[in-house]
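Colleague: Fold the following and give me the result.
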Amino acid sequence: MKVQDNAVVAFHYTMTDENGEVVETSQNEEAATFICGYRNMIEPLEASMLGKEPGDKYSITLPPEMAYGRLLTDNEMRVGLKNLHYEGKLEPGMTVPLRTKEGLRPVTILKVGKFNADIDINHPLAGKTLTFEVEIVDVRESTQEERDHGHVHGDKGCGK
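Modeller: Got it, this is the predicted structure:
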């Protein structure tokens, strides 16, 4: 089966920055999965997979505006510590999830106070040109339940 809308795609990837440094990889881990057409990943990366089949390997380079956006200056704000999802002690430079109406969003800690933290709300990868080495591992039809929920289910159902 080829990658198309509503298909569940399993793939491995290695993401590198402009200097060739590995930022993230799924190698030696379980393959990443998503339902094609549900906007659950960077759109140009998803679009690059259309028509591909298991075993296909390729590379795609995305400039900042096609990946995580340009780095915006003055994109800082103060939030209550209760809005940050973390364990342990917060330190400047840490990337932690911020609770938003749309779910968790990664932010960078700039300064920590007793009750609040100053954060940079740019995505940690904003402003970076990223290259993805991709290998399509598997493609299958999504189930109606997966389409209704908008995400891939494990062998034991939703969230497993």
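Colleague: Please name the nearest non-neighbouring residue to the most centrally placed residue in the chain.
Modeller: Ranked by distance to the mean C-alpha position of the chain (Cα atoms, centre = their mean), the top residue is residue 41 at 6.0 Å. If the residues on either side of it in the chain are set aside, residue 41 comes closest to residue 34, at 5.5 Å by Cβ to Cβ, 6 or more residues apart in numbering. Every residue, glycine included, has its C-beta placed from N, CA and C.
Colleague: and the residue nearest to the centre of the chain, what are its phi and psi?
Modeller: In this entry, residue 41 is assigned phi and psi values of phi -160, psi 180 (degrees, to the nearest 10).
Colleague: what separates residue 1 from residue 149, distance-wise?
Modeller: Applying Cβ to Cβ, to the nearest Å, the value for residue 1 to residue 149 is 21 Å.
Colleague: Kindly report the same for residue 22.
Modeller: Counting by Cβ to Cβ, the separation of residue 22 from residue 149 is 32 Å.
Colleague: Over to residue 43?
Modeller: Taken as Cβ to Cβ, the span from residue 43 to residue 149 is 20 Å.
Colleague: neighbour-wise, which of the two wins?
Modeller: Just comparing residue 43 and residue 149: by other Cβ atoms under 10 Å the higher neighbour count belongs to residue 149, 15 against 12.
Colleague: And the helices in this structure?
Modeller: Using DSSP state H, the helices of the chain run over residues 43-49, 144-149.
Colleague: my guess is residue 138 meets residue 12, correct?
Modeller: No: using Cβ atoms under 8 Å, residue 138 makes no contact with residue 12, being 10.5 Å away.
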